[in-house]
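J.: Everything below, folded, please.
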Amino acid sequence: MSAPEAGGADQVAASLVRSDPAPFRDAPTSLSRGTQTHGHLWSLPDGTGLHAPPGELVIEAGTGRVCCHLCGRWFVSLGAHLRSHGHTAESYREAMGLCRTRPLVAETLSRSIATRQQQAYQRSPAVQARLATGQQLSRSGQLANLARTARVSPELARIRRAALDVGRAARAAQRDVALTRRLRALGIDSLADYLRQEYAAGASLRSLAGRTGLGWARLRREIDAAGITVRSPGLSVAQQRQALVRLADTETARRIGTDDLRGWLRERRAAGWSLTQLAKATGRSRHWIQSRLGG
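T.: Residues are numbered from 1 along each chain as shown. All right, here's what the predicted structure looks like:
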């Protein structure tokens, strides 16, 4: 069997409604035609009750049988059974939001059919000739272009979203590991403190991005998280540095509740406070305290 179709926009996902948030495995059971089935936990827009979530083909653990959304019974193959509900395989997939190429059979049967089809293709020049057009479209890239404009089923949209989420999480974890190694190599314990100190000393955002290896979007997020006010691009580096110094002094004075920051520092230094104690009280570094005491 072929893989689910690709490309296009998801136009029917929003139309499928699940009437109860409980997971399928916890669904209550009822009896239908002498066969144990699951209750209606989901529904279609027209009110048709479903025994399985739309956009998903539920497989029975152990047997590999598939569940009929409409009656909840389990089958090795849904093909012939769907006629009792007035459906073809194609219309059933469409109504239930399944991929157009989703096999409606147990996995073992699907593998067996796929093996027979492969053997028939290898033995039959006629079959190879019938499939030659599709193969040419695939090699030329036209098939991919057609797929991008095709409607995407809710099932395929869900599969794609899950794959994207896994990929994004993996890439984010890799970036975090790389950043941690880079900061250790630079002797940086706190990225926020480093960014505040370097930016206050006149470093540009571009230079900070180069030193830390952060992308532009991630750097801006870290800048915001560190509480750094980005300098106006119209000021010179010297003016920007002076403005940041004044801003830092104002914020520190407000934090410790004084209008005379330098006087406050000198008084406590004269009273025997160490640089470490002053740094802890102000939330600044020892180097910062020394620069204010020496001014």
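J.: Residue 154 contacts residue 54, correct?
T.: Yes: with contacts counted by CB atoms under 8 Å, residue 154 reaches residue 54, the gap being 6.3 Å. In short, each C-beta sits where N, CA and C put it, glycine included.
J.: can you list contacts of stretch 245-252?
T.: Contacts of stretch 245-252 with the rest of the structure, by CB atoms under 8 Å, 6 or more residues apart in numbering, involve 200, 229, 261, 282, 283, 284, 288, 292.
J.: Pull out the buried members of these.
T.: Neighbour counting by 16 or more other CB atoms under 10 Å classes 200, 261, 282, 284, 288, 292 among those as buried.
J.: Any figure for the gap between the fourth one and residue 276?
T.: If you measure residue 284 against residue 276 using CB to CB, to the nearest Å, the figure is 11 Å.
J.: one step back: out of the buried ones among the contacts of stretch 245-252, what pair is the most spread apart?
T.: Within those, 200 and 261 form the most distant pair, 15.2 Å apart (CB to CB).
J.: quick one on the thing from earlier: and the contacts of stretch 245-252, which is closest to residue 219?
T.: Proximity of the contacts of stretch 245-252 to residue 219, judged by CB to CB, is greatest for residue 229, which lies at 14.8 Å.
J.: For that closest one, give me phi and psi.
T.: Torsion angles at residue 229 (phi, psi; degrees, to the nearest 10) stand at phi -90, psi 120.
J.: Quick check: which element contains the closest residue to it other than its chain neighbours?
T.: Leaving aside its sequence neighbours, residue 229 sits nearest to residue 247 (CB to CB, 6 or more residues apart in numbering; 6.3 Å). Using DSSP states H and E, residue 247 sits in helix 237-256.
J.: Retrieve the pLDDT associated with residue 160.
T.: Listed pLDDT for residue 160 reads 81.
J.: Now do the strands in this protein.
T.: 29-32, 35-38, 42-43, 49-50, 66-67, 74-75 (DSSP state E).
J.: Give me the distance from the last one to the chain's centre.
T.: Computed by CA atoms, centre = their mean, to the nearest Å, the chain-centroid distance of strand 74-75 equals 34 Å.
J.: Can you list the strands that that strand pairs with?
T.: Paired strands of strand 74-75, with direction, are strand 66-67 (antiparallel) (DSSP bridges).
J.: Quick check: the gap between the residue nearest to residue 229 and residue 45.
T.: According to CB to CB, residue 247 and residue 45 sit 57 Å apart.
J.: now swap in residue 210 and tell me
T.: 54 Å.
J.: buried set for the biggest helix by length in the chain?
T.: Assignment by DSSP state H gives helix 154-185 as the longest helix of the chain. By neighbour count on 16+ other CB under 10 Å, the buried set for helix 154-185 is 154, 155, 156, 157, 158, 159, 179, 183.
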